[in-house]
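Colleague: Dropping the sequence and predicted coords here.
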Amino acid sequence: MATTLEQIARYLDERKWTYEVDSENDRIITGVRAENVERFLLAIALREDGEYFSLAAPQLLNVREHIYKGVLFQTLLALSWQVKMVRWEYNPMDGEIRAAIELPLEDNTLTQRQFERCLDGLIYLVDSVAMPRLLAVLETGTDPGEAELGERLLLALQEMWPAGALTHLEKALAARKQRGVR
């Protein structure tokens, strides 16, 4: 009951996508136009005789020698914490950053619905969520996601606490700052 490249090709045909089958390496190479990724390639691979599915977006970034590499890695870990399925990979030999979704299928066949969720999810998360944030980190050395996290925290506190509580908190923080307490 293993999944085959032919089956995945049919799923892509349903979408009317162009792709290249690399039977020798048990993979399909395709791509998509994107807003934040210059060359958005996708490598769809089957391993373990079709019992293990892998969808990867290779060569998203190259950070072999970059001043903000540490902040970037911290941001990648935060993204991994915040989103489902996508894992980030780094090749220390050449500095490549890639995103991937992998599923053990074992004795099941990958359904079209599962395939489309993985494909659409990877594309959306990489292009719309991750890349704008990662590019900002590489440009500025600051993760814009930290500001978003602070805003979400404030909204959560505002919902939990009675009216006016945030004003008291703000005053207390200002007083601490004046005293030099962090």
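Modeller: All right, it came through fine.

Colleague: So in that sheet, which strands flank the longest strand seen in the chain, and in what orientation?
Modeller: For the chain, the longest strand by residue count, based on DSSP state E, is strand 52-62. Note on strand 52-62: by DSSP bridges, its sheet partners are strand 40-47 (antiparallel), strand 96-104 (antiparallel).

Colleague: Only the buried residues of that strand, if you could.
Modeller: 52-61 (16 or more other Cβ atoms under 10 Å). Quick note: C-beta positions are derived from backbone N, CA and C, even for glycine.

Colleague: what ranges do the helices span in this structure?
Modeller: For the chain, the helices defined by DSSP state H cover 5-14, 69-82, 112-124, 131-140, 144-160, 165-179.

Colleague: Could I get the contacting residues of Ile28?
Modeller: Residues in contact with Ile28 (Cβ atoms under 8 Å, 6 or more residues apart in numbering) are 5, 8-9, 12, 19-22, 43-45.

Colleague: Below-threshold pLDDT in this structure: ranges please.
Modeller: Scanning the chain for pLDDT under 70 picks out the ranges 1, 147-158, 182.

Colleague: quick check: domain ranges of it?
Modeller: As given by automatic domain parsing, the domain ranges for the chain are 5-142, 144-182.

Colleague: With respect to burial, which of those scores highest?
Modeller: When you average the neighbours per residue for each of those (mean count of other Cβ atoms under 10 Å), domain 5-142 leads with a mean of 16.
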